[in-house]
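*Asks:* what would the 3D arrangement of this be:
(chains A and B)
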Amino acid sequence: MPRSSTAGKYSGIIGKIFLVLFVFSIVSTFVFWWSGLSDRNALDEGTERKFAGILNENFRLGDLVFTENDWDLDFLKYLNKGIFPVFLDLKNTTEKSVAMMKNGEERVFLLLKSENSREFYVKKLNLKVLKTFKAGRGQVIMADTMFKTVKRTLVFPRDIGKAKKVAFVSGEKSEDCRKVSETKWQCSDETWNYVGLTTAFFNGQQKQAVWAHPVAGKTLEIVFDVPANSRKLYFNSVFAESAYRSKNRAPVNVEILADGEDLLKYASPFTSKVTEKNVKLSENIKEISIKLTVSDDRQRHFVFNGYLSDEL
Amino acid sequence: MNFKNRFEKIDFLLAAAVAVFVFLMIFMTNGSFGFVRDEGFYMKAANHMADWYESIGTNISNGEFAKIFSKKEIDKYFNYNSEHPPFMKELFGLSQFIFARKLGILSAPMSARLVAALFAALTALMIYLFGLFFFSRMTAALSPVLFFMMPHIFFHSHLACFDMPILFFWSSTFILYIICLKTKKTSVHALTALFFAFGMATKHNVLFIPIVLFVSWLFFYAFSYRKEAGKGGFTGFFKAIPKVFWFMAVISLPVYFLIWPRMWFNTFNRLMTYAEFHGKHVNYLNYYFGTPLKNGPFPFSFPWAMTFFTTPTPQLVCFFAGIFYFCRDFLKSDGTSEKEAAFAMISGSLFPIFLIAWPSVPIFGGIKHWFTGYPLMLTAGVFVIEESVKNLIKTDDFKKNLVAAAVFTLAAVSLISPNIKFAKRGAAFYNELIGGAQGAAEARMQRNFWGYDMIDLADTLNREAPKNAKLFIMTGYEGLNPNSFRFMVDAGMIRSDIKATNTIGEADFALFFYEKQNEHVLNNIAYEFGTVRPLAVSSTDSVFYSALFRREK
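*Replies:* Next up is the predicted model:
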């Protein structure tokens, strides 16, 4: 016979403890999985429809949507097209990151599971509430940010469609990219070979960015007219996805010129971290040109964002 | 733990019933899961193997026997996916050769999953025998049922991968080793070495077995065995080494190399490349309580907490009870070999978890990399519970058995609901201790693994997609492996005219597999498609795992 597991005083007691735990586990399994407890925190359909209805009525292009709940996204099914971006990380979002995601006067929508968390997020994000909507058991806050940011005269991701020129230049030869939408320039039949709006992680924060994959042997040139009163350039770049882990170690060389004069020059380092640069602009600059080159273009999933501001 | 060889007629019936039931449950539900990332590679390798079997026939009929095992021929068929040993891929290929190519009764991918179902049945049989030989008939019959009622186990049992087979070989080798200690039979020592060889030819995990067992034996030798007659001194030491370790050299290694023909050529370099690949294996990013585990050192608690939260609670209690049983046996046993056997069971159960817990060892994904010892502690735990129930009943044996069976039946019934809920995504299961799927999502745990979860979306895709539509499959973001997509087409899960692409810009439809680190892809799809409104969503308990989008601009 096998050795008894419950022989002896202490073993007997421990055996009984395990039996009690086992019976308790059966009860907890029944209660949790059979009674609906496992689905207790889901949003009800009424709330989901209200969330979508409020956004459908009030959302304007450029607004930002943040959801408190990042796992029950059924409200998306009722949204009209054109309502995005939707950020699923309200819990980790900070006052500064919301403000920096905004490109101008856009508003912020918070979709909250209940009104209990309203004060917490309004305070945490330092929001000026424009309107509060009751949405079933939840609440939708339409707000502006109070975080003081400089006025942005030009935002690269938002204004990429307004670029004066997007082209691959090789010596005398310039191959213009074709503007296919307000946010995208297609540069060849290769689907990755475009310059346009995307989102990427910048030091853990999801942000809008410009996808600008360089090509070896050519210079990718993106030229913008500079709005009046632009005083300072902010420029951030990073490798999207896991490109920084590529065996290809060729850096992307970034060169920014203001009216043909060097303004900023660096080679992108091989980390997942963002390279953040800022530089003062001389007065009355007319044109700013971003030039990207690379010696080996495999996995150079280069993205950048940034803006010109009217304050130093 | 006392070993008793008591296989009786009824055990033929019970063991066969358990194994056949498990086989049918796994094989009949094969279409419930999409193909995980790894299956894409292994099924492609199986194609190569089936080609090799074809070529063997051709070479034999041409009288070119030497060509079959020439370097050129071997490299042609074995070079693909050479970072893993070939045993399972050879079996997947053989199954494809027979059931898909010759008999035409299964698709190529499903012929590979047939092998997986067979290994599930073998695992059920192994657990039955372990329970019968070391514990009781009731434990033997109940343990496989509880084992396969763990959603993660049920899920992995379907996959044409190495994880369940290596679980089978890992646990079998440990069980056979303790039978060696109990019986001292040379044939059992040889059989143990043979199982170890097949384990080595399946996956490298088992390479730790001789290290763990030999170090433990050395410990017991130093404190006890050397005092036995003829086992002291230099020659005594070598005489005392159990035969199984010698057999690992003279049986396991030749069998291992026999199974892996690629290693017959440039042996040293190829072995070094194999070792280097696993020695420098990349880490797969995992969210763990809101922290993205990117680079080491990783938290020691990771595999322990994941085991704690991904095992259904009845089986979790059995794990603890099983470890308690082995520890008690280790402390209370009189004989050294009994102590060594108990220690081997503790090592077999917990070493895989310890290994992944080591802060510098990469985290490769879900629990599959350390569940290899689960059968050992689960079975012992079932016995502890069974005995504890029986000790409470002060009547005859029949009533004791009846009450014990009723308790386990209740446990099995309670587990039906979570198993049905996660029938299509067992890798996403979290137990009630963390609040189930919702609790895990709130705690920011990794929600799912390996980009397979699209079966719920396939019907909508097949219905809505126009002819020759292109589907963004999100490869590179824990999405669908292009090979897996291809095999899903072969298996009839996805319409054959639909093409996969990894570029959103050229896609008509897009799959989105949610993980925290990939959230931005949702908005990338929205920018490209003009909408964030999904066409279909796959979810359990309202937690969404993946979604299908259609271009609207």
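
*Asks:* packing partners of the longest strand along chain B?
*Replies:* Using DSSP state E, we find that the single longest strand of chain B is strand B:543-550. Helices and strands touching strand B:543-550, by 3 or more Cβ pairs under 8 Å, 6 or more residues apart in numbering or on different chains; DSSP states H and E, are helix B:436-442, helix B:455-464, strand B:509-513, helix B:519-529, strand B:536-540. From N, CA and C alone the C-beta is placed, and that goes for glycine too.

*Asks:* ok, which of the ones you listed comes nearest residue B:232?
*Replies:* helix B:436-442 (55.2 Å; Cβ to Cβ).

*Asks:* which parts of that closest one are buried?
*Replies:* Across helix B:436-442, burial judged by 16 or more other Cβ atoms under 10 Å in any protein chain shown covers B:436-442.

*Asks:* can you narrow those to ones near chain A?
*Replies:* Near chain A, judged by Cβ under 8 Å from any Cβ of the partner chain, the entries from those are B:436-438, B:441-442.

*Asks:* backbone dihedrals for residue A:152, please?
*Replies:* phi -100, psi 120 (degrees, to the nearest 10).

*Asks:* now do the helices in the stretch 151-300 of chain A.
*Replies:* Using DSSP state H, counting those that start in this stretch, the stretch 151-300 of chain A contains no helices.

*Asks:* OK, contacts around residue 40?
*Replies:* I went with chain A, as the question did not name one. Going by Cβ atoms under 8 Å, 6 or more residues apart in numbering or on different chains, residue A:40 touches residue B:438.

*Asks:* not quite, go with chain B.
*Replies:* B:481-487.

*Asks:* can you put these in CSV and add neighbour count, secondary structure and pLDDT?
*Replies:* Converted to CSV, those look like this (neighbours: other Cβ atoms under 10 Å in any protein chain shown; DSSP: H, G, I helix; E, B strand; the rest coil; pLDDT from 0 to 100):
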residue, neighbour count, secondary structure, pLDDT
B:481, 23, coil, 91
B:482, 15, helix, 93
B:483, 22, helix, 93
B:484, 28, helix, 94
B:485, 26, helix, 95
B:486, 17, helix, 95
B:487, 27, helix, 95
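
*Asks:* just say helix, strand or coil for residue A:71.
*Replies:* The three-state label for residue A:71, taken from DSSP: H, G, I helix; E, B strand; the rest coil, comes out as coil.

*Asks:* run a quick neighbour tally on it.
*Replies:* 23 (other Cβ atoms under 10 Å in any protein chain shown).

*Asks:* from the helices and strands packed on strand B:543-550, which stretch is densest packed?
*Replies:* strand B:509-513 (a mean of 25; mean count of other Cβ atoms under 10 Å in any protein chain shown).

*Asks:* return the residues of the stretch 1-150 of chain B in contact with chain A.
*Replies:* Checking the stretch 1-150 of chain B against chain A by Cβ under 8 Å from any Cβ, the hits are B:1-2, B:4, B:134-136.

*Asks:* can you turn the buried part of the residues you listed into a PyMOL selection?
*Replies:* Listed next is the PyMOL selection for buried residues among the residues of the stretch 1-150 of chain B next to chain A, using 16+ other Cβ under 10 Å:
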select buried, chain B and resi 1+134+135+136
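
*Asks:* adding secondary structure and pLDDT, write the residues of the stretch 1-150 of chain B next to chain A out as a markdown table.
*Replies:* What follows is those, written out as a markdown table (DSSP: H, G, I helix; E, B strand; the rest coil; pLDDT from 0 to 100):
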| residue | secondary structure | pLDDT |
| --- | --- | --- |
| B:1 | coil | 75 |
| B:2 | coil | 80 |
| B:4 | coil | 82 |
| B:134 | helix | 95 |
| B:135 | coil | 95 |
| B:136 | coil | 95 |
